[in-house]
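*Asks:* predicted model and sequence below, questions to follow.
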Amino acid sequence: MQLIKGKFKSQDALTIITQLVDIKIRFHEEKIDASENEEDIKMRENRIKELQKYLKQTRDYLIDNPGEVSMEGLVNINAWESPTEEFCLINGTFRPQDAKDILLEAFNNKIKFHNLQAFSKRERGESGAEIHDARMAELRSTLENVIQVLDISRKANKNVSINCMVSLNIESGRKNEFVSQQAVGYSY
């Protein structure tokens, strides 16, 4: 489900994000109130702190960059049989050029992967190459936006904080009718 997509004034974007984070925080607070499991409570308290930290970082960015911003939020609903395992891929503050080098490498490797997959499907006469083509176009567009943000930070002589988590789930194998073909293409 495409929840958010478009350009927004920075203040409007901040309002939307703040309300979404507030909803998620209230959800965790309600679960804390109903729980007697100390481990679950600690996990939810830590998640609330993370959400507050990310909201502050977003608020600071939007205040420092008035004008319009582009936002996109996609919600995928899938049935899973295994818990989500999360791993931290990138977490730190970097000089703008170092951040650019790290992110260019990551994006270019992902684009290369989809390019090879599309090529392979076309060579074998299989369908599905268009999904990889669409994902490459999306990645290139996102990379352009990332480079713009990094150029702003470089010109302002400000470091960049990057936090990139990887979530792994083992699918149940059941087909989920809620997920459109386009959303499946974005899940790579």
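*Replies:* In hand now; what should we look at?
*Asks:* what's stretch 5-15 in contact with?
*Replies:* 16, 58-59, 62-63, 65-73 (C-beta atoms under 8 Å, 6 or more residues apart in numbering). C-betas here are computed from N, CA, C, even on glycine.
*Asks:* ok, now stretch 141-158?
*Replies:* Under C-beta under 8 Å, 6+ apart, the answer for stretch 141-158 is 64-65, 70, 96-97, 99-100, 103-104, 107, 111, 159-160.
*Asks:* now it: average pLDDT?
*Replies:* Across stretch 141-158, the average pLDDT comes to 93.
*Asks:* show me which positions of it end up buried.
*Replies:* Going by neighbour count (16 or more other C-beta atoms under 10 Å), the buried part of stretch 141-158 is Leu143, Val146, Val149, Leu150, Ser153.
*Asks:* stretch 117-125 too?
*Replies:* Gln117, Ala118, Lys121.
*Asks:* helices and strands of this structure: which one bottoms out on pLDDT?
*Replies:* helix 181-185 (a mean of 38; mean pLDDT, DSSP states H and E).
*Asks:* circling back to that earlier point, could I get the buried residues of stretch 141-158 as JSON lines with distance to Glu50?
*Replies:* Conversion of the buried residues of stretch 141-158 to JSON lines gives the following (distance: C-beta to C-beta, whole Å):
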{"residue": "Leu143", "distance to Glu50": "26"}
{"residue": "Val146", "distance to Glu50": "22"}
{"residue": "Val149", "distance to Glu50": "21"}
{"residue": "Leu150", "distance to Glu50": "23"}
{"residue": "Ser153", "distance to Glu50": "22"}
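*Asks:* which of the residues you listed sits closest to Ile23?
*Replies:* Val149 (26.1 Å; C-beta to C-beta).
*Asks:* and the closest one, what element?
*Replies:* Here Val149, judged by DSSP states H and E, is contained in helix 129-155.
*Asks:* run the chain-centre distance for that helix.
*Replies:* The chain centroid and the centroid of helix 129-155 are separated by 13 Å, computed with C-alpha atoms, centre = their mean, to the nearest Å.
*Asks:* immediately after that helix, which helix or strand?
*Replies:* Counting by DSSP H and E, what follows helix 129-155 is strand 160-168.
*Asks:* let me know the angle separating that next one from helix 129-155.
*Replies:* Angular relation of strand 160-168 and helix 129-155 on a 0 to 180 degree scale: 150 degrees, by axes from the mean of the first three to the mean of the last three C-alpha atoms, to 10 degrees.
*Asks:* which SS class is Gly92?
*Replies:* Using DSSP: H, G, I helix; E, B strand; the rest coil, the structure places Gly92 in strand.
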